[in-house]
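Asks: Quick one, what's the 3D model for this:
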Amino acid sequence: MESRLLDILVCPLCKGRLEFQRQSAELVCHADRLAFPVRDGIPVMLENEARSLDGAADA
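Replies: The predicted structure is shown next:
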């Protein structure tokens, strides 16, 4: 994931900063406790596609 893209992408819910986790290919919003998938290099920034981090250990 290009750092330029990470600089402009924000969480669609809270507009907070996202962290790219390379191993799981996800963009993580720590404020909302959601992980948005990155498929074929394209971030899927839809709430219904996000995985909840509640109850899961952070990597």
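
Asks: From now on I want contacts and neighbour counts done on CA atoms only, so please keep to that.
Replies: OK.

Asks: all strands of this structure, in order?
Replies: 19-21, 26-29, 34-39, 42-43, 51-52 (DSSP state E).

Asks: Quick one: residues contacting Val44.
Replies: By CA atoms under 8 Å, 6 or more residues apart in numbering, the contact set of Val44 is 36-38.

Asks: let's see 6 Å
Replies: Counting by CA atoms under 6 Å, 6 or more residues apart in numbering, Val44 makes contact with 37-38.

Asks: Make 299 the first number, not 1, from now on.
Replies: In the new count, where the first residue is 299, that last one comes out as Val342.

Asks: before we move on, back to that, among the strands of the chain, which is the most enclosed?
Replies: Compared across these, strand 324-327 shows the largest average neighbour count, a mean of 24 (mean count of other CA atoms under 10 Å).

Asks: Tell me the helices and strands packed up against that one.
Replies: strand 317-319, strand 332-337 (3 or more CA pairs under 6 Å, 6 or more residues apart in numbering; DSSP states H and E).
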